[in-house]
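S.K.: Next comes the sequence, and after it the predicted model I'd like to discuss.
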Amino acid sequence: MARIGLVAHDDKKDELVAWVLANRETLAAHELWGTGTTGGRVIEGTGLSVTCLKSGPLGGDAQLGAMIAEGRLDVLIFFQDPLTALPHDVDVKALNRLATLYDTLFAINRATADAVLAAL
């Protein structure tokens, strides 16, 4: 069982929920964590159990980053919106840096999420 973090920028939340729903059976066998809003949307849209952290801008991105640094997260699925400026961009960059630094399986869109899930 992998510990999987789920997060998505506002304009990508629907896409992430659709991806989780399409992969519901596979993801049900794993431990899911999510930032507050994203996790809530995944729960509503799929019925899966997700442990929700704080909302991304309120520290949820940092909480996921801490989990990565502490070895408590195996995979990060982060559907990013490259076309929207974000007020908490620094937090997003820190989360990306930690996933890279700690060699965490890391997906930033549907195609890479499919590949990561297949690798599990």
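M.R.: That came through fine.
S.K.: which residues does the residue nearest to residue 29 when sequence neighbours are not counted contact?
M.R.: The shortest distance from residue 29 to any non-neighbouring residue, by Cβ to Cβ, 6 or more residues apart in numbering, is to residue 1 (6.3 Å). Every residue, glycine included, has its C-beta placed from N, CA and C. Contacts for residue 1 (Cβ atoms under 8 Å, 6 or more residues apart in numbering) come out as 29-31.
S.K.: Which member of those is positioned nearest residue 94?
M.R.: If you rank these by distance to residue 94 using Cβ to Cβ, residue 31 comes first, at 22.8 Å.
S.K.: Could you list the buried residues of the strand or helix carrying residue 97?
M.R.: Per DSSP states H and E, residue 97 falls inside helix 89-101. Within helix 89-101, the residues scored as buried using 16 or more other Cβ atoms under 10 Å are 91-92, 95-96, 98-99.
S.K.: now stretch 63-75
M.R.: Buried positions in stretch 63-75, judged by neighbour count with 16+ other Cβ under 10 Å: 63-65, 67-68, 73-75.
S.K.: so for that stretch, what's the average pLDDT?
M.R.: Across stretch 63-75, pLDDT averages out at 97.
S.K.: How far does it stretch from one end to the other?
M.R.: Stretch 63-75 has an end-to-end distance of 14 Å (Cα to Cα, to the nearest Å).
S.K.: just stretch 11-31 next, same as before
M.R.: Using Cα to Cα, one end of stretch 11-31 lies 25 Å from the other.
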